[in-house]
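Engineer: Quick one: sequence plus predicted model below, questions after.
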Amino acid sequence: MKKHYALLTFLFFGLLQLQAQVFLGDDTDFFNKKARLYQRWLDAKGYGEVLKVDEAKLAKNGMELELWLSLRTTDPDKGAALWQELQQRLTAQEGGESLDETLYYTFVRFMEIPPAQGNIQVYLPAASGSGYNPCFYYWIWEADNAIQTKSRINACKAQTLNIPVELPRVEQAVGTSEVAIEQRRSRQDVFDAVLRYARQRYEQPKEGCDGREPEVEETDFNNKYVLKFHVSDLCREVLTDEEQSLWCDFVELWWGDCNDMRRERLEFTFHYTPTDEGYLLTGSLTGKFGSGVYKPRTSGYMDMEPDFEDDFLIPYVNRFQQDLKRYLERP
């Protein structure tokens, strides 16, 4: 009897919860109009300098409304600073709502929806102009009559690259005297040399890394001022103490090669600046790792920072800069 009573109670309250949910799918035009008004509200409050409404869209079969806001920058450091400054601005107002509360309760009031049936997602636009940067997001919703948040703010900090390259000088006779002629290299020549070095370094077979075929892949081809490329499917490149599992050792005894060591992915960005002595390469190197059992998608890789930063990533970046500098300074 008690079991039947408990089941009936569960079903009763479950039914009440379902009845409290309102189907929102018939009001798309209304939500789009309200999204434009929400942007006007952001601008009037001064928040529009930081935030822009991208869209309001329905989710969960029309039972939830998402408001997507983007920061007005593509730089992760600047985005984090703008967001934190906006939060502090409201926190400083005694007795007032937090930024999360102000944004969220204004959103549900404008959209005329139950607070439990919405969420706000704040993103950082990707520098490429399409999509979002995974290094930043901030979600706001309500549960149990209280504001809830989940955030990832500037979580993909890359290691800085700074490589001054001094070019050799050639002595050329002019009349009875000799003058030094600098062997100047154009931006494109330097970028081509960096790519050649990367392919020589990463695309060669590596002992103990069977089954891995890393390839240097250039991105952002249309930007002649910046060189961007990545290398995936690496093995023991940064995480040099990786070992395959006992299971793989067993497989090799009977069936041949096996490698389940974590895959590594390195992402590079380079900028070129000419100097009196040669040129300066600046940029960033981001280290990531993923499953060794299967080849992960790009989004399936995790950042090496902070867990592997001090012991592996920073020493690797220092060695990489020294190696690349020696390569570029060769006669």
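Structural biologist: Good, I have the coordinates. Because the structure is a prediction, the values reported are computed rather than measured.
Engineer: ok, which stretches of the stretch 101-250 of the chain are helices?
Structural biologist: Along the stretch 101-250 of the chain, counting by DSSP state H, counting those that start in this stretch, helices occupy 187-202, 246-254.
Engineer: in the following helix or strand past the last one, what's buried?
Structural biologist: Think helix 246-254. Sequence-wise, the next helix or strand downstream of helix 246-254 (DSSP states H and E) is strand 263-274. Buried residues in strand 263-274, counted by 16 or more other Cβ atoms under 10 Å: 263, 264, 265, 266, 267, 268, 269, 270, 272. For the C-beta atoms, the positions are set from N, CA and C on the backbone; glycine is no exception.
Engineer: Show me what strand 263-274 is packed against.
Structural biologist: Contacts defined by 3 or more Cβ pairs under 8 Å, 6 or more residues apart in numbering; DSSP states H and E place strand 263-274 against strand 159-166, helix 187-202, strand 226-234, strand 278-290.
Engineer: To residue 321, which of those lies closest?
Structural biologist: With Cβ to Cβ as the criterion, residue 321 lies closest to strand 159-166 of the helices and strands packed on strand 263-274, at 5.2 Å.
Engineer: List the neighbouring strands of that closest one plus their orientation.
Structural biologist: Strand 159-166 sits in its sheet next to strand 278-290 (antiparallel), going by DSSP bridges.
Engineer: Show me which residues of the strand it pairs with are buried.
Structural biologist: Buried, per 16+ other Cβ under 10 Å, within strand 278-290: 278, 279, 281, 283, 284, 285, 286, 287, 288, 289, 290.
Engineer: need these in JSON lines with pLDDT, can you?
Structural biologist: Formatted as JSON lines, the buried residues of strand 278-290 follow (pLDDT from 0 to 100):
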{"residue": "278", "pLDDT": "90"}
{"residue": "279", "pLDDT": "92"}
{"residue": "281", "pLDDT": "92"}
{"residue": "283", "pLDDT": "85"}
{"residue": "284", "pLDDT": "87"}
{"residue": "285", "pLDDT": "92"}
{"residue": "286", "pLDDT": "90"}
{"residue": "287", "pLDDT": "90"}
{"residue": "288", "pLDDT": "89"}
{"residue": "289", "pLDDT": "87"}
{"residue": "290", "pLDDT": "81"}
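Engineer: Name the nearest of these relative to residue 89.
Structural biologist: Closest to residue 89, out of all of these and judged by Cβ to Cβ, is residue 284, at 29.9 Å.
Engineer: Quickly note the distance from the nearest residue to that closest one once chain neighbours are set aside to residue 87.
Structural biologist: Nearest non-adjacent residue to residue 284, counting by Cβ to Cβ, 6 or more residues apart in numbering: residue 158, 3.6 Å away. Here residue 158 is placed at a distance of 24 Å from residue 87 (Cβ to Cβ, to the nearest Å).
Engineer: Those two: which is more packed in?
Structural biologist: Using other Cβ atoms under 10 Å as the criterion, residue 158 and residue 87 rank with residue 158 on top: 19 against 14.
Engineer: can I assume residue 52 sits in a strand?
Structural biologist: Yes - using DSSP: H, G, I helix; E, B strand; the rest coil, the assignment for residue 52 is a strand.
Engineer: Pretty sure it sits against residue 72.
Structural biologist: Yes - if you go by Cβ atoms under 8 Å, residue 52 and residue 72 touch, sitting 5.8 Å apart.
Engineer: will you turn the buried residues of strand 263-274 into JSON lines that also has pLDDT?
Structural biologist: Shown next, in JSON lines, are the buried residues of strand 263-274 (pLDDT from 0 to 100):
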{"residue": "263", "pLDDT": "86"}
{"residue": "264", "pLDDT": "90"}
{"residue": "265", "pLDDT": "93"}
{"residue": "266", "pLDDT": "95"}
{"residue": "267", "pLDDT": "94"}
{"residue": "268", "pLDDT": "94"}
{"residue": "269", "pLDDT": "90"}
{"residue": "270", "pLDDT": "91"}
{"residue": "272", "pLDDT": "91"}
